[in-house]
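Novice: From the sequence below, what's the structure:
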Amino acid sequence: QAIYGELAADQQRNQQIAADIADAYRRGRCSLTLTNRIEHVNQLSSALKGHGIEALLLHGGLPTADRDRVRAELSGVRTGPLVLLAIDKVAGEGLDAPVLD
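Specialist: The predicted model follows:
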């Protein structure tokens, strides 16, 4: 389990992940990035802000109303790109979000 913490804290790796996500976003894609650490979700979200992207976040630490808002946004009609950063336990199997590429 310690290796996951080390990977999540690797700033160079996180910057590369954010750059890849930002590239997909600029190409109009709707992407999902899964991790198993809330802190990693937060780090990736911060890195994406450096690219001018506000990601949707989905994890068990969010209030139910916030999780419901994100799920509603995912089930709605989209005309542009989006980024969802989520914890695998919350958005793994069973997540129904046809908007995601």
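Novice: going forward, measure contacts and count neighbours with C-alpha atoms only.
Specialist: Fine.
Novice: For the closest residue to Leu7 other than its chain neighbours, report the pLDDT, please.
Specialist: Nearest non-adjacent residue to Leu7, counting by Cα to Cα, 6 or more residues apart in numbering: Arg13, 7.6 Å away. Note on Arg13: pLDDT of 93.
Novice: Wait, a strand at Arg13?
Specialist: No - counting by DSSP: H, G, I helix; E, B strand; the rest coil, Arg13 is not part of a strand but helix.
Novice: burial count for it?
Specialist: Neighbour count of Arg13, defined by other Cα atoms under 10 Å: 13.
Novice: same check, this time on Ala65
Specialist: Ala65 has 9 neighbours, counted by other Cα under 10 Å.
Novice: How about the secondary structure of the most centrally placed residue in the chain?
Specialist: For the chain, Leu85 is the residue whose C-alpha lies nearest the centre (Cα atoms, centre = their mean; 1.1 Å). Of the three states, Leu85 takes strand under three-state DSSP.
Novice: Please verify my assumption that it contacts Ile53.
Specialist: No - using Cα atoms under 8 Å, Leu85 is not in contact with Ile53, being 11.7 Å away.
Novice: Against Ala91, how distant is the residue nearest to Leu7?
Specialist: Remark: distance between Arg13 and Ala91 (Cα to Cα, to the nearest Å) = 22 Å.
Novice: Tell me which stretches of the chain form strands.
Specialist: 30-35, 56-58, 82-87 (DSSP state E).
Novice: right, so the ones you listed: which one is the most enclosed?
Specialist: Counting by mean count of other Cα atoms under 10 Å, strand 82-87 has the highest mean neighbour count of the strands of the chain, with a mean of 23.
Novice: and the angle for it with strand 30-35?
Specialist: 20 degrees (axes from the mean of the first three to the mean of the last three Cα atoms, to 10 degrees).
Novice: and strand 82-87, average pLDDT?
Specialist: 93.
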